[in-house]
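Chemist: give me coordinates for this.
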Amino acid sequence: MDELLEKARLAMHERRFAEPAADNALLYYRSAAAADPVNGEAQDGLQRVAGVLAARFEEALSGGRVDEAVLTLANFKAASAGDPRVAGFEQRLFSAEVSKALADGNVDRAAALLHQAQQSGSFPADQLARWRSDIARRQEDVKVQHLATLVEDRIRDGRLTEGDDSAKSHLQQLQSGAPANAATQRAVHDLTAAYLKKAREAALAKNSADEERWLTEARGLGMKAADITAFQREVSGARQKAVQADAERMLQLTRAALRDGRLTDPAQDSAAWYLGQLQSSDPANAAVADASRELAGKLLERARAAVFAGKSGDADLAQAKRFGADPKEALAVQQLTPAKSKGPDTAALASRLTRLRGASPDYPAPALTQHLSGSVVLEFTVDTSGETRDIHVVEATPPGVFDQAAINAVKHWRYAPPLVNGAAAEVPVRTRMRFELPK
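Modeler: Coordinates of the predicted model:
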């Protein structure tokens with residue numbers, strides 16, 4: 001007994017009230033009290049330890065250190081099981097545990113604690129009702145957050161509207177269960193922004209059907225007509241800037257081709273090809289007119305040189321006229337050509353062409369999507385080997401939609417060239433290619 005009390009006194013002096021587990025005042029005083037239940041020093045020591053533990057319990061609980069409070073209360077009850085404060089401490093600790101479980105999102109733990117409290121019968125009905133309400137509210141919060149996270153993930157993955165596992169589907173569940181929740185409002189904002197991004201991309205790609213589809217989705221989320229109008233105005237400005245930027249890029253390519261002498265060849269990397277694209281997309285651009293005049297002048301020079309070399313300059317002359325050559329200068333070059341009085345004219349030569357191979361054009365996917373039909377007028381030259389060159393668009397309806405498909409088809413055409421004085425002759429050709437929607 002004396003040894004236990006001596007160890008207890010030393011532990012108290014060194015403030016080892018309840019720890020370490022095998023060497024503390026609580027352990028020694030309890031052992032002494034068990035050996036001699038009426039020992040005054042042992043009973044007094046247990047009360048002093050209980051006082052310290054009560055203070056520690058209050059500090060741990062107020063500091064949110066619930067796990068520490070649980071252990072401290074267990075030690076307090078070991079020191080003073082009959083203390084009238086135990087019931088109050090237990091209720092407060094239980095409340096703190098429920099609150100911590102809810103704060104941590106551990107709804108199952110909170111529900112288990114509530115069940116335990118109900119079974120104990122030691123908690124007032126109003127307290128149990130408050131816990132039930134808190135748990136139900138937290139369960140709803142967890143569900144809302146889960147759905148909001150799904151919306152965010154599906155937006156990131158690009159799965160916006162299709163199927164039951166899309167951003168749209170999960171948002172509909174959010175709006176049905178918690179329309180006023182801040183997470184729901186954020187999800188509406190984020191999905192609307194995703195719809196507008198898609199609408200903008202479609203508008204810049206000139207896909208009006210897709211643009212309207214995404215704007216309809218945005219309207220369905222409550223986007224106002226005035227905001228839609230403002231968006232369309234902004235996109236129109238962006239589209240115009242994109243057209244201007246593309247026109248400037250094409251002009252730079254045109255100037256480079258003119259500088260390098262690539263007037264009509266290669267078919268898709270020549271000044272004639274780039275200017276043909278520009279005439280369709282930005283006909284009012286003053287720089288296009290200047291570049292066209294420069295190209296026309298160079299084509300007339302090349303046609304004149306061809307005539308003086310005894311060759312045909314008809315193809316270059318036709319191209320020069322297309323790009324706005326001065327009529328007087330074009331006529332002067334035309335009058336240099338003696339071949340017209342000595343042989344068949346170009347129309348007659350063209351009528352004698354026999355096409356040996358003719359690939360049908362591919363219908364452009366954007367035109368199919370938008371249900372567009374149209375036509376393209378092309379000019380090109382059939383050379384003495386029967387292959388096509390100098391392919392360019394003269395006219396296109398609507399502009400820029402079917403041009404490339406038509407050019408690609410003509411590139412693969414092959415002819416049996418007509419003979420003039422026993423030799424194959426080059427022939428300039430003009431043709432219209434029609435694009436009708438498949439039935």
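
Chemist: got the domain ranges for the protein?
Modeler: 1-123, 158-223, 243-335, 346-435 (the TED database).

Chemist: so which of those gets nearest Arg138?
Modeler: domain 1-123 (4.6 Å; Cβ to Cβ). No exception for glycine: its C-beta is placed from N, CA and C like everyone else's.

Chemist: and the closest one, end to end?
Modeler: 41 Å (Cα to Cα, to the nearest Å).

Chemist: now swap in stretch 352-372 and tell me
Modeler: End-to-end distance for stretch 352-372, by Cα to Cα: 34 Å.

Chemist: can you tell me what sits against it?
Modeler: Under the contact criterion Cβ atoms under 8 Å, 6 or more residues apart in numbering, stretch 352-372 has outside partners 205-210, 344, 373-374, 382, 386, 398, 401-402, 404-406, 408-409, 412-418, 427, 429, 433, 435, 437-438.

Chemist: need the pLDDT of Ile244.
Modeler: No, residue 244 isn't Ile; it's Gln. As predicted, Gln244 sits at a pLDDT of 82.

Chemist: against Ala289, how distant is it?
Modeler: Distance of Gln244 to Ala289, given as Cβ to Cβ, to the nearest Å: 16 Å.

Chemist: hmm, back to that, the domains of the chain: which one's closest to Ser236?
Modeler: Between Ser236 and the domains of the chain, the tightest spacing by Cβ to Cβ is seen for domain 158-223, at 7.9 Å.

Chemist: tell me how far the closest one lies from the chain's centre.
Modeler: Centroid separation for domain 158-223 versus its chain: 12 Å, with Cα atoms, centre = their mean, to the nearest Å.

Chemist: for the record, mean pLDDT for it?
Modeler: Per-residue scores along domain 158-223 average to 93.

Chemist: also stretch 45-53?
Modeler: Across stretch 45-53, pLDDT averages out at 95.

Chemist: then it to CSV, C-alphas only?
Modeler: The C-alpha atoms that make up stretch 45-53 are tabulated as CSV, following Å, rounded to 0.1, in the frame of the first residue of the first chain:
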residue,chain,number,x,y,z
GLY,A,45,-6.2,11.3,-4.7
LEU,A,46,-8.8,9.9,-7.1
GLN,A,47,-10.9,13.0,-6.6
ARG,A,48,-8.0,15.3,-7.3
VAL,A,49,-7.2,13.3,-10.5
ALA,A,50,-10.9,13.5,-11.4
GLY,A,51,-10.8,17.3,-11.1
VAL,A,52,-7.8,17.5,-13.4
LEU,A,53,-9.5,15.2,-15.9
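
Chemist: and that stretch, what's buried?
Modeler: Residues 45-46, 49-50, 52-53 are the ones in stretch 45-53 that count as buried (16 or more other Cβ atoms under 10 Å).

Chemist: same check on stretch 421-439?
Modeler: Result for stretch 421-439 [16+ other Cβ under 10 Å]: buried residues 424-429, 433, 435.

Chemist: now, which of these sits nearest Gln139?
Modeler: Distances from Gln139 to those, taken as Cβ to Cβ, are shortest for Phe435 (59.6 Å).

Chemist: tell me which residues touch the closest residue to that closest one other than its chain neighbours, please.
Modeler: The shortest distance from Phe435 to any non-neighbouring residue, by Cβ to Cβ, 6 or more residues apart in numbering, is to Phe402 (4.9 Å). Taking Cβ under 8 Å, 6+ apart, we find Phe402 in contact with 361, 364, 367, 374-376, 396, 433, 435.

Chemist: mark which of these are buried, thanks.
Modeler: Among the contacts of Phe402, the ones that count as buried by 16+ other Cβ under 10 Å are 361, 364, 367, 374, 376, 396, 433, 435.

Chemist: would you list those residues in JSON lines and tack on distance to Asp83, pLDDT and secondary structure?
Modeler: What follows is those, written out as JSON lines (distance: Cβ to Cβ, whole Å; pLDDT from 0 to 100; DSSP: H, G, I helix; E, B strand; the rest coil):
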{"residue": "Pro361", "distance to Asp83": "95", "pLDDT": "92", "secondary structure": "coil"}
{"residue": "Pro364", "distance to Asp83": "87", "pLDDT": "92", "secondary structure": "coil"}
{"residue": "Ala367", "distance to Asp83": "87", "pLDDT": "90", "secondary structure": "helix"}
{"residue": "Gly374", "distance to Asp83": "94", "pLDDT": "94", "secondary structure": "strand"}
{"residue": "Val376", "distance to Asp83": "98", "pLDDT": "92", "secondary structure": "strand"}
{"residue": "Ala396", "distance to Asp83": "96", "pLDDT": "89", "secondary structure": "strand"}
{"residue": "Met433", "distance to Asp83": "100", "pLDDT": "93", "secondary structure": "strand"}
{"residue": "Phe435", "distance to Asp83": "94", "pLDDT": "94", "secondary structure": "strand"}
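
Chemist: would CSV of the residues you listed with distance to Phe94 be doable?
Modeler: Listed next are these as CSV, based on distance: Cβ to Cβ, whole Å:
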residue, distance to Phe94
Pro361, 79
Pro364, 71
Ala367, 71
Gly374, 78
Val376, 82
Ala396, 80
Met433, 84
Phe435, 78
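
Chemist: quick check, nearest of those residues to Lys7?
Modeler: Nearest member of these to Lys7, counting by Cβ to Cβ, is Pro364, at 94.4 Å.
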